[in-house]
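Trainee: Build the 3D model from these lines:
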Amino acid sequence: MPNIQHSAMRAYGYALFEAAGLPADQSRIVTDHLVDANLTGHDSHGIIRIPGYIRSIAAGNIVPVGELKVVRETPASVVIDGEGGQGIVICTRAMEMAIERAKKTTFGAVAVHQCSHIGRLGAYPPMAAEQDCIGILLLNGGSRFTVPFGGTSRRLPPNPISMAVPSENGPVMMLDITTSMAAGGKVEVYSARGQQVPPGWLIDNEGNEVREPNLFRVGETAMLPLGGASGHKGYGLGMMIDAIAGGLSWAGCSSEHPTRGGSGFLALAINISSFIDVDEYKKEVQILIDWAKSSNKAPGVKKIYYPGEIEEDTRATRSADGIPVEETTWERIAEAAAEVGVAVPAV
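Mentor: So this is what the prediction gives:
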């Protein structure tokens, strides 16, 4: 498994996406998003996605983003038809628009349907937190591979939620979770590494546990909701996210044939200063963080982390040591690079 410096991977990614047909600025947005996902330890949403993105762009299934098509608008909200545009670029713009509206009207909300995969949700709410807003992102997206609580059939997407708030003394506090046991990309990573998935993730149509990741890829298994055998809370949260993100975005809630394909998202920003002085708010968040960290530690635990802190520690380590990449992932990226005429860099 090679280790690749993030700067080299960024340069490679810029060249790949430009060769596939994205404008230079959009190539940088997409590449930086994917590389940053690896830097924070979320390899399932990082450069492992490059081959699929490249081929979809080259085939015209994902198109560069031009002027966004607004289908409904108020001073605080916007609904956008993504028209098949590159999802990471559109979601970045959507969160920027939500922040802009929140600064004027306290709340800003942008809902989007019909765009491609938006990558790691945890990248977007911190954009709001870094501008003294609270950021929230809801998605009824991904393949519909999660069972309802008590069921064995694929019905819901992973339906993730991410949110971020600013803190006083460190990186923003950020939560990024799926309402399934894991994102589908996590299973892809286990497959690329030739490993079984953890117990309690996957079941077959009779409800028997399965740990072979390749069976998931071909649709022969389904994933349990967050909480596993006791996943009624994960299932309930997933249903509510589906109703809000799928319904408000016009994408359509999950079904065999969602109204406009599903995979809609809602980006929200809340202006903190409309409620409390920003400095006072940050102090309160820091009080919460310090209180949680003051707990006695369980046996074997060296540090209590607040949400998002592990990602920042991982970023520091991987920025210095490089990003570990599976041989199979690197080979697949090289194959896609050859298809668009880009040489593989030495690593």
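
Trainee: Could you report the neighbour count for Arg332?
Mentor: 17 (other Cβ atoms under 10 Å). The C-beta positions use only the backbone N, C-alpha and C, and glycine is treated the same way.

Trainee: Could you do Ala76 as well?
Mentor: Under the neighbour criterion other Cβ under 10 Å, Ala76 is assigned a count of 16.

Trainee: With Asp242 instead?
Mentor: Asp242 has 28 neighbouring residues, counting by other Cβ under 10 Å.

Trainee: Repeat that for the one 10 residues further on.
Mentor: Taking other Cβ under 10 Å as the neighbour definition, Gly252 ends up with a count of 19.

Trainee: same thing with Ala229?
Mentor: Neighbourhood size, Ala229 [other Cβ under 10 Å]: 12.

Trainee: Next one: it from Gly151, what distance?
Mentor: Per Cβ to Cβ, to the nearest Å, Ala229 is found 13 Å from Gly151.

Trainee: And the protein, what are its domain boundaries?
Mentor: 3-62+307-339, 69-181+224-278 (automatic domain parsing).

Trainee: And the helices in this protein?
Mentor: 6-20, 24-39, 50-58, 87-105, 125-129, 184-192, 213-217, 232-241, 247-248, 278-293, 309-321, 327-339 (DSSP state H).

Trainee: List the buried residues of the third one.
Mentor: Taking 16 or more other Cβ atoms under 10 Å as the neighbour-count basis, helix 50-58 is seen to contain the buried residues Ile50, Pro51, Gly52, Tyr53, Ile54, Arg55, Ser56, Ile57.

Trainee: what do you get for stretch 6-18?
Mentor: His6, Met9, Arg10, Tyr12, Gly13, Tyr14, Ala15, Leu16, Phe17, Glu18.

Trainee: How much space separates the closest residue to the last one other than its chain neighbours from Ala269?
Mentor: The one in question is Glu18. Spatial nearest neighbour of Glu18, chain neighbours left out: Ser27 (4.7 Å); criterion: Cβ to Cβ, 6 or more residues apart in numbering. Distance, Ser27 to Ala269, using Cβ to Cβ: 26 Å.
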